[in-house]
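>>> From the sequence below, what's the structure:
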Amino acid sequence: MNNEYSQIVLEGSDLIGKSTISKYLGKVFGNVRDRDMNITDNVLIGSELRPSHINKICDYIQERPNELFVFLTVPLDHAENVLGTRLAARKAAGKSDEFDEHTVAYNKSYKEIVTELKFRCIKNVLEVNVDEFRNPYAVVGHIGKTVLYHIIDKIEFNLE
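As a prediction, the model looks like this:
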């Protein structure tokens with residue numbers, strides 16, 4: 001993929017657009033995963049995310065500096081509207097499942113995780129507010145630019 005990241009992992013609640021974005025992102029970067037179950041299993045433990053789960057996730061991500069973890073989120077004040085609209089559409093199509101019903105709560109959990117990751121200054125994390133973008137191509141472009149900026153920041157110039 002590039003010198004820094006061997007893979008991109010997309011995380012986020014159901015209905016946030018991970019599958020669509022990973023399809024397009026995979027065409028550009030190759031090695032893209034839709035979720036890492038070591039993270040997802042800790043988020044989906046229950047409706048309340050515990051500090052021990054957040055610590056476990058942060059430690060897990062920090063131990064994998066060659067993977068870029070992209071957290072797709074929606075601001076908490078917009079989550080009910082944005083994700084609720086997507087849930088209604090999925091229900092109307094007869095495609096919703098039990099996890100979809102809790103998408104707003106899961107989005108809140110992912111926001112809590114990202115807040116802690118930023119507090120710890122873990123570098124291989126990117127949060128993308130999908131509410132800011134009109135389509136998946138724009139999200140892929142934003143992620144791509146960020147990956148390139150990470151590479152540029154890592155380049156060491158020998159000026160001798």
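>>> For the chain, give me the ranges with low pLDDT.
For the chain, the stretches with pLDDT under 70 are 1-3, 42-49, 134, 150-160.
>>> at 90 what do you get?
1-7, 12-58, 73-124, 126, 128-160 (pLDDT under 90).
>>> and the longest helix for it?
In the chain, taking DSSP state H as the definition, the longest helix is helix 136-154.
>>> what's next to that helix, contact-wise?
2-5, 8, 17, 20-21, 24-25, 28-29, 68, 70, 72, 123, 126, 128, 130, 133 (CB atoms under 8 Å, 6 or more residues apart in numbering). From N, CA and C alone the C-beta is placed, and that goes for glycine too.
>>> Buried among those? Make that a ChimeraX selection.
To isolate the buried members of the contacts of helix 136-154 in ChimeraX, using 16 or more other CB atoms under 10 Å:
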select :4,5,8,17,21,24,25,29,68,70,72,126,128,130,133
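>>> In strands, which of the contacts of helix 136-154 appear?
Of the contacts of helix 136-154, the ones assigned to strands by DSSP state E are 8, 68, 70, 72, 126, 128.
>>> Could you give the bridge partners of the second one?
With DSSP bridges as the criterion, the beta-bridge partners of Leu68 are Ile8.
>>> what do you get for the fifth one?
With DSSP bridges as the criterion, Leu126 is bridged to Val70.
>>> Residue ranges of each domain in this structure, please.
In terms of domains, the chain is parsed into 34-66+98-122, 127-153 (source: automatic domain parsing).
>>> on that earlier part again, check the ones in strands among the contacts of helix 136-154 and tell me the two furthest apart.
Maximum pairwise distance in the ones in strands among the contacts of helix 136-154, criterion CB to CB, is 12.8 Å, between Leu68 and Leu72.
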